[in-house]
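**Q** Okay, sequence plus prediction incoming.
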Amino acid sequence: MTKGWNHVLFWGALWGIIEATVGHLLHQAALPLGWLFWFPLAVGFMQMVYSQTQKITAVFLLPW
């Protein structure tokens, strides 16, 4: 499971960096359409975690 956690941490960190950057730009542009960016982004990152770990529990950070 250690290998799986490495994937979770990598994609989670990348998600956080992108969310902070894009979120800042969306707030600067005063666009009220953040959900158009966040939903596909979140699904994409969760799909990457699942495809690399093959464990649905890794997507939700469940330890079992």
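**A** The structure has been received and is ready for your questions.

**Q** What helices and strands are in contact with the helix or strand hosting residue 13?
**A** Per DSSP states H and E, residue 13 falls inside helix 2-29. Judged by 3 or more CB pairs under 8 Å, 6 or more residues apart in numbering; DSSP states H and E, helix 2-29 is in contact with helix 34-53, helix 56-59. The C-beta positions use only the backbone N, C-alpha and C, and glycine is treated the same way.

**Q** how about the first one: buried residues?
**A** Using 16 or more other CB atoms under 10 Å as the burial criterion, the residues of helix 34-53 that qualify are 37, 45-46, 48-50, 52-53.

**Q** got it, and the shortest one?
**A** Judged by neighbour count using 16+ other CB under 10 Å, the buried positions of helix 56-59 are 58-59.

**Q** contacts for stretch 32-50?
**A** Contact partners of stretch 32-50, identified using CB atoms under 8 Å, 6 or more residues apart in numbering, comprise 7-8, 11-12, 14-15, 18-19, 22-23, 26, 56, 58-59.

**Q** Can you list phi and psi of residue 60 for me?
**A** Main-chain torsions, residue 60, degrees, to the nearest 10: phi -100, psi 10.

**Q** So for it, what pLDDT did the model give?
**A** The model reports residue 60 with a pLDDT of 82.

**Q** Could you list the low-pLDDT ranges of this protein?
**A** Applying pLDDT under 70 to the chain flags residues 1-4, 62-64.
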